[in-house]
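Student: could you work out the structure for the sequence below:
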Amino acid sequence: MKRLRVGVLYGGRSGEHEVSLASAAAVFANLDRNRYEPVPIRIEKDGRWSIAERPPATMSAGEVIEQARLEAARPPRPGREVHLVAHPSAETILSIDRSSGALSDDGSRALVTGLNIDVIFPVLHGPYGEDGTIQGLLELANVPYVGAGVLASAVGMDKGLMKVVFAGHGLPVCGYSIVRAHEWESARQDVVRDLSAALGYPMFVKPANLGSSVGISKAKDEASLATAIDLARTYDRRIIVEAAVPDAREIECAVLGNDAPQASVPGEVIPAREFYDYEAKYIDAGSRTMIPAELPSATAEEVRRMAIQAFQSVDCAGMARVDFLLSREDGALFVNEINTIPGFTTISMYSKMWEASGVPYPDLLDRLIALAIERHEHKQQLRTSVT
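Tutor: Okay, here's the model as predicted:
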């Protein structure tokens, strides 16, 4: 059988760039070379695409972050340029080698070749990768790709709109409010007063469009609330402020599929810090997970049911991780968010929950690629003209 050429797209213009490198390393290490020919396509922090000289190999996000700090003064030398154009053909994804090719009139050289990619596997976290932008580009180019489409990606990235959709589908969400940058800059004291009255303390402050717990703070009073909004504002023009669920447990569930999605066994995150922030996720070794989570069978089943409902409510496809908050005080369960490209290392919650559900990591990759191709083939059957 012909091997599928899988373009693994990673890096990106995002605060989650380093996390993406760790996820991509796991994908490269586990793609079956008898079935797939992986092609490493790296997006730099400035947005440039290139064929990486070698694929990422470090699967620990913490190690990747530390390595990035050490190498900040000497960034990796870009490989051949990659350009994706909205021209569906074998030349949709182009590689440009500016050190080869015939001389042009201005004395420059460029050797342009088509990469002939069969399917793209985006392993991008955060803005410009998980938010529908890359997905829209791939749709225009008519290239099959793993994971959610434009709509689900955009809604899943925006925590405010996500909650509106969840609530509209009858899913329980905690109290929240959206703060826009211009409101904060023009009336800080009014915003703090209104939030304090509406949500009470403590509350969580997050950039509306970011993941991996980047820019998230727990505010316990007016002073820390202002500091938290200032931090979140550096990452996004929209900030979401959420009421804290009393004595919450962090429960997660993985979903896999297209039209008939399945849910994994639920897992629980037990953070080393007060809550599961960026440091607790990727730097502090004290955080741990429990899979399956210790839950009554009825609660576990409710988590799985609500995870599928959340997945379908945003018209998701391929994969997603749905996160919940479970109150120890009264057992109330809230849907916190959906992640359409969750962390994807072999020790990330998404893959570990499927491993515990009987789907090992290499098989998970096979199923995701098959789902991508299935979805693409179905879309090719849709009419694009009334004649």
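Student: please count neighbours and contacts with C-alpha atoms only from this point.
Tutor: Fine.
Student: mind checking what secondary structure I96 has?
Tutor: strand (DSSP: H, G, I helix; E, B strand; the rest coil).
Student: same check, this time on D131
Tutor: coil.
Student: show me the contacts for it.
Tutor: By CA atoms under 8 Å, 6 or more residues apart in numbering, D131 lies in contact with 150, 153-158.
Student: name the nearest residue to S50, sequence neighbours excluded.
Tutor: In this structure, S50 finds its nearest non-sequential neighbour in E81, 4.3 Å apart by CA to CA, 6 or more residues apart in numbering.
Student: the one you found - how many residues pack around it?
Tutor: 18 (other CA atoms under 10 Å).
Student: repeat for F334
Tutor: For F334, using other CA under 10 Å, the count is 20.
Student: so it versus M306, what's the distance?
Tutor: Shown here: F334 relative to M306, a distance of 9 Å by CA to CA, to the nearest Å.
Student: same question for A148.
Tutor: According to CA to CA, A148 and M306 sit 18 Å apart.
Student: of those two, who's got more company?
Tutor: Using other CA under 10 Å, the more surrounded residue of A148 and M306 is A148, with 27 against 22.
Student: on the three-state scheme, the more buried one is what?
Tutor: Applying three-state DSSP: A148 is coil.
Student: secondary structure class for L161?
Tutor: helix.
Student: can you check the one 5 residues further on too?
Tutor: For F166, the reduced secondary structure class is helix; criterion used: three-state DSSP.
Student: check contacts around it.
Tutor: Counting by CA under 8 Å, 6+ apart, F166 touches 172-173, 310, 313, 335.
Student: ok, it to F334 distance?
Tutor: Distance from F166 to F334, by CA to CA: 10 Å.
Student: also V322?
Tutor: 11 Å.
Student: and A310, how many residues sit next to it?
Tutor: As a burial measure, A310 scores 28 neighbours (other CA under 10 Å).
Student: verify the stated contact: it with N336.
Tutor: No. Applying CA atoms under 8 Å, one finds A310 not in contact with N336, separated by 10.2 Å.
Student: joint contacts of these two?
Tutor: V322.
Student: follow-up on the earlier one: name the residues contacting each of F334 and M306.
Tutor: Common neighbours of F334 and M306 (CA under 8 Å, 6+ apart) are L171.
Student: what helix or strand is the spatially most central residue of the chain located in?
Tutor: What sits nearest the mean C-alpha location of the chain, by CA atoms, centre = their mean, is I341, with 3.3 Å. Using DSSP states H and E, I341 sits in no helix or strand.
Student: and the longest helix seen in the chain, what does it pack onto?
Tutor: If you go by DSSP state H, the chain has its longest helix at helix 361-380. When contacts are defined as 3 or more CA pairs under 8 Å, 6 or more residues apart in numbering; DSSP states H and E, helix 361-380 sits against helix 17-30, strand 119-123, strand 248-257, strand 318-327, helix 349-356.
Student: show me what the helix or strand encompassing L138 is packed against.
Tutor: L138 is part of helix 133-141 when elements are defined by DSSP H and E. With contacts defined as 3+ CA pairs under 8 Å, 6+ apart, the packing partners of helix 133-141 are helix 150-157.
Student: who are the packing partners of the helix it packs on?
Tutor: Packing partners of helix 150-157 (3+ CA pairs under 8 Å, 6+ apart): helix 133-141, helix 159-168, strand 333-339.
Student: how close does D221 get to I178?
Tutor: 18 Å.
Student: more neighbours: which of these two?
Tutor: Comparing D221 with I178 by neighbour count (other CA under 10 Å), the higher total belongs to I178, at 18 against 14.
Student: tell me who's in contact with A152.
Tutor: Contact analysis of A152 by CA under 8 Å, 6+ apart lists 132, 314-317, 340.
Student: and which of those is nearest to M162?
Tutor: Among these, V314 lies closest to M162 (CA to CA), at 7.8 Å.
Student: quick one: the closest one and V150 touch, right?
Tutor: No. At 10.4 Å, V314 and V150 do not qualify as touching, with contact defined as CA under 8 Å.
Student: give me the domain ranges for this protein.
Tutor: The chain breaks down into these domains under automatic domain parsing: 4-145, 156-172+246-378, 176-243.
Student: which one of those lies closest to V386?
Tutor: Going by CA to CA, the one of the domains of the chain nearest V386 is domain 156-172+246-378, 18.3 Å.
Student: distance from the chain centre to the closest one, please.
Tutor: Averaged C-alpha coordinates place domain 156-172+246-378 at 12 Å from its chain's average position (CA atoms, centre = their mean, to the nearest Å).
Student: pLDDT on it, on average?
Tutor: Across domain 156-172+246-378, the average pLDDT comes to 92.
Student: repeat for stretch 90-109
Tutor: Averaging pLDDT along stretch 90-109 gives 68.
Student: likewise stretch 114-133?
Tutor: Averaged over stretch 114-133, pLDDT sits at 92.
Student: report the buried residues of that stretch.
Tutor: The neighbour-count criterion (16 or more other CA atoms under 10 Å) identifies 114-127, 129-133 as the buried residues of stretch 114-133.
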